[in-house]
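Undergrad: got a sequence here, can you model it:
(one chain, ligands or ions: 1)
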Amino acid sequence: MASQKEMDFTYSLIDKMFRLSIGEFADYSGAMYDGDFSLSLEEAQHRKHEYITRNLGIGPGTRMLDLSCGWGPLLTHVRDIGATGVGLTLSAGQAAACQSRGLDVHLRDCRTIDRDAFGGFDAVASVGGFEHFCSIEDYRAGKQDAIYQDLFRRVATLLPEKGRFFLQTMVFGENMLPVDQLDVNAPRDSDAFMLGLMTKQFPGSWLPYGKEQAERTAEPYFRLVSASSGRLDYIETIRQWRKRFAAPSFRKTLLKLSLVPRYLLSRDFRLAFASGVSSNTACFERKLMDHYRLVFEKR
Ligand SMILES: C[S@@+](CC[C@H](N)C(=O)[O-])C[C@H]1O[C@@H](n2cnc3c(N)ncnc32)[C@H](O)[C@@H]1O
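TA: Modelled structure (predicted):
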């Protein structure tokens, strides 16, 4: 699993940059355009929130757990529609930001969740967190299936019979390379390089092999109700993010200047955040990665 230090490298470090560019409490995961790219990023994220709560049956008086809540966009929607939300994150910056807005968010590892922690829930969601639950080392040690299966088992204990779990996650796609071929020293435009960059951007993280691995490991506890690919929607989401990251602002310039020492001292930092390449876009376009929205129902 990605450690708290690794999550902080990825999230707390870019916390300010993300919030200055995309919005104070924005989604850091693929939006739901459903092919309608005339929508604004905010509209497409809102569409995703509505899709999730509708599929989970969340409305006034219900209670939902958000495993890996980020800056709290889904929890905010849950609160807006009169439901109660509890969120978990492994990033101290995100937890503090959520708590400052009165969201019930805890700095806690999702993978240890059980009923003793916060009681039961009507539904559970995880948007963009599953990617971090298994590390490349876990994968090499043959633990990936067991890690996912344990998470599904734990989530099932929180839910009533037929309770639902929404899972949105990147997965490896049909053109994924064998792990040993991933290499940041490979030719710059190669698949091996693009995948190698992903491992620098998301240290400690590894993806499920297709939606099939998620479905298979969930199988003892959940039946898959629906699955839709958000690969093209994610490409558009990243396009919108990059436009906003590039938009100039005085505060962003100050922030970038404060990161110069890190840029100079750490090759990993340069590769992760300053390579000038959108490796996740390339991975989606080349089907090295895909992206799924999965709705599960407890057996
Ligand atoms: C890509 S962000 C997505 C955040 C949010 N769901 C959204 O859509 O904006 C991934 C989130 O997963 C959280 N995360 C990763 N591993 C975790 C773990 N083991 N326990 C709790 N949170 C975790 C990170 O802290 C971060 O908040």
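Undergrad: gap between Q168 and V179?
TA: With distances taken as CB to CB, to the nearest Å, Q168 is found 24 Å from V179. Any C-beta I mention is one placed from the backbone N, CA and C, and that applies to glycine too.
Undergrad: who has more neighbours, the two?
TA: Between Q168 and V179, counted using other CB atoms under 10 Å, Q168 has the larger neighbour count: 27 against 13.
Undergrad: check contacts around that one.
TA: Under the criterion of CB atoms under 8 Å, 6 or more residues apart in numbering, the contact list for Q168 reads 29-30, 48, 52, 126-128, 130, 230, 291-294.
Undergrad: R47 now?
TA: Residues in contact with R47 (CB under 8 Å, 6+ apart) are A31, M32, Y33, D34, L39.
Undergrad: same check, this time on A192
TA: Residues counted as contacts of A192 (CB under 8 Å, 6+ apart) are L177, Q181, L182, D183, A186.
Undergrad: quick check: closest non-adjacent residue to it.
TA: Once its chain neighbours are removed from consideration, A192 has its nearest residue in A186; the separation is 3.8 Å (CB to CB, 6 or more residues apart in numbering).
Undergrad: that neighbour and the ligand: what is the separation?
TA: Shown here: A186 relative to the ligand, a distance of 26 Å by CB to the nearest ligand atom, to the nearest Å.
Undergrad: tell me the SS of that residue?
TA: Local secondary structure at A186 is given as coil here, using DSSP: H, G, I helix; E, B strand; the rest coil.
Undergrad: quick check: phi and psi at it.
TA: When read as degrees, to the nearest 10, the backbone of A186 gives phi -70, psi 170.
Undergrad: circling back: export the contacts of Q168 to JSON lines and append columns for distance to the ligand, neighbour count and secondary structure.
TA: Written out in JSON lines, the entries for the contacts of Q168 read as follows (distance: CB to the nearest ligand atom, whole Å; neighbours: other CB atoms under 10 Å; DSSP: H, G, I helix; E, B strand; the rest coil):
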{"residue": "S29", "distance to the ligand": "3", "neighbour count": "22", "secondary structure": "coil"}
{"residue": "G30", "distance to the ligand": "8", "neighbour count": "28", "secondary structure": "coil"}
{"residue": "K48", "distance to the ligand": "8", "neighbour count": "26", "secondary structure": "helix"}
{"residue": "I52", "distance to the ligand": "10", "neighbour count": "24", "secondary structure": "helix"}
{"residue": "S126", "distance to the ligand": "7", "neighbour count": "24", "secondary structure": "strand"}
{"residue": "V127", "distance to the ligand": "4", "neighbour count": "24", "secondary structure": "strand"}
{"residue": "G128", "distance to the ligand": "3", "neighbour count": "18", "secondary structure": "coil"}
{"residue": "F130", "distance to the ligand": "9", "neighbour count": "24", "secondary structure": "helix"}
{"residue": "G230", "distance to the ligand": "12", "neighbour count": "24", "secondary structure": "coil"}
{"residue": "H291", "distance to the ligand": "12", "neighbour count": "26", "secondary structure": "strand"}
{"residue": "Y292", "distance to the ligand": "14", "neighbour count": "21", "secondary structure": "strand"}
{"residue": "R293", "distance to the ligand": "12", "neighbour count": "22", "secondary structure": "strand"}
{"residue": "L294", "distance to the ligand": "15", "neighbour count": "22", "secondary structure": "strand"}
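Undergrad: biggest separation within these, which pair?
TA: The two members of these with the most space between them (CB to CB) are K48 and F130, at 15.6 Å.
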